[in-house]
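Chemist: Here is my input, please return the structure:
(one chain, ligands or ions: 2)
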Amino acid sequence: MPQNFDLHTHSNASDGSYSPGDLVKLAAESGVTTLALTDHDTVSGVVEAVVAGKKFGVTVIPGVEISIDFAPGAMHICGYYLDIDNPELQAGLNFVQVARRNRNPRIIEKLKVLGLNITLDEVKAAAGPDQLGRPHFAKVLVQKGYANDTQEAFNKYLAKGAPAYMDKQRLPLAQAVAMIKAAGGVAVLAHPVQLRLETMADYLTKFKELKAAGVEGIEAFNSYQSEAENQQLYRITKELDMLITAGSDFHGEIKPKVKLGQFGENVPLRIEDIIEAIQATRKNLKLYELKEY
Ligand SMILES: [Zn+2]
Ligand SMILES: [Zn+2]
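Modeler: Numbering: from 1, shown residues only. Ligands and ions are numbered 1, 2, ... in the order given. Predicted coordinates:
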């Protein structure tokens, strides 16, 4: 059942297909009245989203989603209620952005060694206003006949383990948490199942570790997870007395099956309660030693 809130969404400030303003407009049309914008490693869409929120009657929560250095799966931490002008937050995000820009020419070089000639300008043109990423390299490889489709371009060249793969710069957890807290935000683990742990007991152990490291919440409900996983994660998060959040991880046309406000069948959360819990948590932020990192 769709909800009237969504705390995990992407605009074209990262890898979503809608501009921040259009995303907020779509939220209003979809009955979503509270929306967090959580673009990957950037807060550059937040101002436009907040302005659009005022126009369309949607409460926009300034957020971000930061990729963390982790194995075996992917660890993403969302920050909510951020002061987007905070210098520590900006410096950290800027570091990731610069690393990302440096990565792109190296992918071009690796492709060249393989006899595939594409230019950064071609990839930039494919990206348009979007944050440049591997899907745009794939698009150009297909356009130039080096691959039949995007999937093949990834499998043969761009995916992890393929010859033109370049790993993305990821931050240590402590740094990401420190950046979020410096900016007055709360830190929440996104889509837990993407950590790819074995059992629910493993998740419980990991959540305890995260809590000790300053992560206050878990996105127990997410469109990547089955209903059973959602409910199990909800239970263990509650046991640990951590914030419980929910979000779709909406990307627009890029992931068309994921819809705004949809992240499970039986979601026993009200947005008013989530916000109240987040605000109560933020009052205790001074407990953490921010300047240590
Ligand atoms: Zn994510
Ligand atoms: Zn996301």
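Chemist: Got the phi and psi for the residue in the stretch 1-150 of the chain that ligand 2 sits nearest to?
Modeler: Among residues of the stretch 1-150 of the chain, the one nearest ligand 2 by C-beta to the ion turns out to be residue 65. It sits 4.7 Å away. C-beta here means a position set from N, CA and C on the backbone, and glycine is covered the same way. Dihedral angles of residue 65 (phi, psi; degrees, to the nearest 10) stand at phi -130, psi 120.
Chemist: mind checking the backbone torsions on the nearest residue to it once chain neighbours are set aside?
Modeler: In this structure, residue 65 finds its nearest non-sequential neighbour in residue 38, 4.3 Å apart by C-beta to C-beta, 6 or more residues apart in numbering. For residue 38, the backbone dihedrals are phi -130, psi 60 (criterion: degrees, to the nearest 10).
Chemist: my guess is residue 38 meets residue 78, correct?
Modeler: Yes - taking contacts as C-beta atoms under 8 Å, residue 38 lies within contact range of residue 78: 4.9 Å.
Chemist: who touches both of these two?
Modeler: Common neighbours of residue 38 and residue 78, using C-beta atoms under 8 Å, 6 or more residues apart in numbering, are 7-8, 63-65, 190, 247.
Chemist: Quick one: those as CSV, columns for neighbour count and secondary structure too.
Modeler: Written out in CSV, the entries for those read as follows (neighbours: other C-beta atoms under 10 Å; DSSP: H, G, I helix; E, B strand; the rest coil):
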residue, neighbour count, secondary structure
7, 31, strand
8, 28, strand
63, 27, strand
64, 30, strand
65, 25, strand
190, 25, coil
247, 28, strand
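Chemist: just the helices in this protein please.
Modeler: Ranges of helices in the chain, per DSSP state H, are 20-29, 46-56, 87-113, 120-127, 134-143, 150-153, 173-182, 200-212, 227-239, 271-282.
Chemist: From those helices, pick the one with the highest average neighbour count.
Modeler: Mean neighbours per residue, mean count of other C-beta atoms under 10 Å, is largest over the helices of the chain for helix 173-182, with a mean of 24.
Chemist: Tell me what angle that helix forms with helix 271-282.
Modeler: When axes from the mean of the first three to the mean of the last three C-alpha atoms, to 10 degrees is applied, the directions of helix 173-182 and helix 271-282 differ by 100 degrees.
Chemist: Find the closest residue to ligand 1 in the chain.
Modeler: Using C-beta to the ion, the closest approach of the chain to ligand 1 is made by residue 76 at 3.6 Å.
Chemist: hmm, back to that, how close does the residue nearest to residue 65 sit to residue 275?
Modeler: Residue 38 sits 15 Å away from residue 275, going by C-beta to C-beta, to the nearest Å.
Chemist: try residue 85
Modeler: Computed as C-beta to C-beta, the residue 85 to residue 275 distance reads 22 Å.
Chemist: Pull the number of nearby residues for residue 117.
Modeler: Residue 117 is flanked by 11 other residues according to other C-beta atoms under 10 Å.
Chemist: For this protein, what lies in contact range of ligand 2?
Modeler: The interface of the chain toward ligand 2, taken as C-beta under 5 Å from the ion, is made up of 65, 249.
Chemist: any weak-confidence spans in the chain?
Modeler: Low-confidence segments of the chain (pLDDT under 70): 284-293.
Chemist: Show me which residues of the stretch 101-250 of the chain sit near ligand 1.
Modeler: Contact residues (C-beta under 5 Å from the ion) of the stretch 101-250 of the chain with ligand 1: residue 190.
Chemist: cutoff 6 Å now
Modeler: Contact residues (C-beta under 6 Å from the ion) of the stretch 101-250 of the chain with ligand 1: 190-191.
Chemist: Can you tell me which residue of the stretch 101-250 of the chain sits closest to ligand 2?
Modeler: The shortest separation between the stretch 101-250 of the chain and ligand 2 is 4.3 Å, found at residue 249 (distances taken as C-beta to the ion).
Chemist: Could you list the alpha-carbon positions for stretch 224-232 in CSV?
Modeler: Written as CSV, here are the backbone C-alpha positions of stretch 224-232 (Å, rounded to 0.1, in the frame of the first residue of the first chain):
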residue,chain,number,x,y,z
TYR,A,224,14.5,-3.9,-2.3
GLN,A,225,13.4,-6.2,0.5
SER,A,226,10.7,-8.8,0.7
GLU,A,227,7.8,-8.3,3.0
ALA,A,228,9.2,-11.0,5.3
GLU,A,229,12.6,-9.2,5.4
ASN,A,230,10.9,-5.9,6.1
GLN,A,231,9.1,-7.3,9.0
GLN,A,232,12.1,-9.1,10.5
